[in-house]
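> test case, fold it:
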Amino acid sequence: MFDEAQRIGHQLQIDFDRYDRRQEIFRKKFAADTRKQHQGICDGAVTNSATSVSVAALIVTTDKEKHPEVFRALSSFYNPSDAATYVVCELCFGFRSATTVQPLPTPWIEYCDETTGKHYFYDSSTRHVRWHPPPATDALSVLVFERTNSIYTVCHCIPSNERRRRLMQKFREHTTQMAREEVEKRDRHLRGAFISLAMSLVPFSGEPKQI
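Model (predicted):
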């Protein structure tokens, strides 16, 4: 167990070093552009916290189209987490899990137009067709539809660098704690063995005192 914890800790350290090197190279190359984007997007994020998620989504989408490599490398630093990002992916705008997909209000059903590929919504009771989600649709589902053309889109992106870093940090803390406990356990066993050995090697001398 101790060797496995050491191996995992070593691999995590290598991953951390590789991640740090990539970020350092990127910061040197895009320092000036990063500062401008950081300020603009942070201002937009503050406004978004008081208005709606769709505003921030539009800002992030625009930035992604202009500088996709910049967005991927620094998104974890200037795109603050909020309630929506834990449900909707900030990269592809699909739901992070199929379990979080919200159904349409009854009796609306989503279909795809084979000619244009655009999705639409049909009410079988009234035979009404809409090209946008019905009014009672969940707000996050509307956001997903606006960005992906379907309210049922599920994210298939890899975890972001920031989320991977946090998971790796937690894993590293866990393995470090495991290694520390293993060392302490071995020290206790060795200490007990040495004491037992010393007691067995020291001859007993003297008669027991008579009371």
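> and the helices in the chain, which stretches?
Assigned by DSSP state H, the helices in the chain fall at 2-29, 31-50, 53-66, 68-78, 139-148, 161-201.
> and these, which one's lowest on average pLDDT?
Here the helices of the chain differ in mean pLDDT, and the lowest is helix 68-78 at a mean of 50.
> my read: I151 touches S141, true?
Yes. Taking contacts as CB atoms under 8 Å, I151 lies within contact range of S141: 4.2 Å. Where C-beta positions appear, they are placed from N, C-alpha and C, glycine not excepted.
> shared neighbours of these two, anything?
Shared contacts of I151 and S141 (CB atoms under 8 Å, 6 or more residues apart in numbering): 101-102, 104, 133.
> columns distance to D17, pLDDT and neighbour count on top of those residues, output as a markdown table?
Putting those into a markdown table (distance: CB to CB, whole Å; pLDDT from 0 to 100; neighbours: other CB atoms under 10 Å) gives the following:
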| residue | distance to D17 | pLDDT | neighbour count |
| --- | --- | --- | --- |
| V101 | 38 | 88 | 18 |
| Q102 | 42 | 86 | 16 |
| L104 | 48 | 89 | 18 |
| P133 | 46 | 90 | 23 |
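> ok, those vs R172, which is closest?
Of all the shared contacts of I151 and S141, V101 has the smallest distance to R172: 33.4 Å, by CB to CB.
> please name the nearest non-neighbouring residue to the closest one.
Spatial nearest neighbour of V101, excluding adjacent residues (CB to CB, 6 or more residues apart in numbering): F95 at 5.1 Å.
> for D113, what are its contacts?
So D113 contacts 119-120 (CB under 8 Å, 6+ apart).
> which strand residues bridge the residue nearest to V101?
On the basis of DSSP bridges, F95 is bridged to V88, V154.
> right, and it touches T153 too?
Yes. Applying CB under 8 Å, one finds F95 in contact with T153, separated by 6.7 Å.
> what sits in contact with each of those two?
V144.
> who's more crowded, I151 and S141?
I151 (24 against 21; other CB atoms under 10 Å).
> roughly how far apart are the more buried one and D113?
15 Å (CB to CB, to the nearest Å).
> got it, and F93?
Where D113 is concerned, F93 sits at a distance of 21 Å (CB to CB).
> got it, and H128?
16 Å.
> ditto for H132
Counting by CB to CB, the gap from H132 to D113 is 14 Å.
> do P133 as well
15 Å.
> check the gap between A98 and H189 for me.
From A98 to H189 the distance is 49 Å (CB to CB).
> before we move on, what about T99?
46 Å.
> more neighbours: which of the two?
More crowded of T99 and H189, by other CB under 10 Å: H189, with 10 against 7.
> list the contacts of N149.
Taking CB under 8 Å, 6+ apart, one finds 117-119 in contact with N149.
> please repeat the previous calculation with a cut-off of 7 Å.
118-119 (CB atoms under 7 Å, 6 or more residues apart in numbering).
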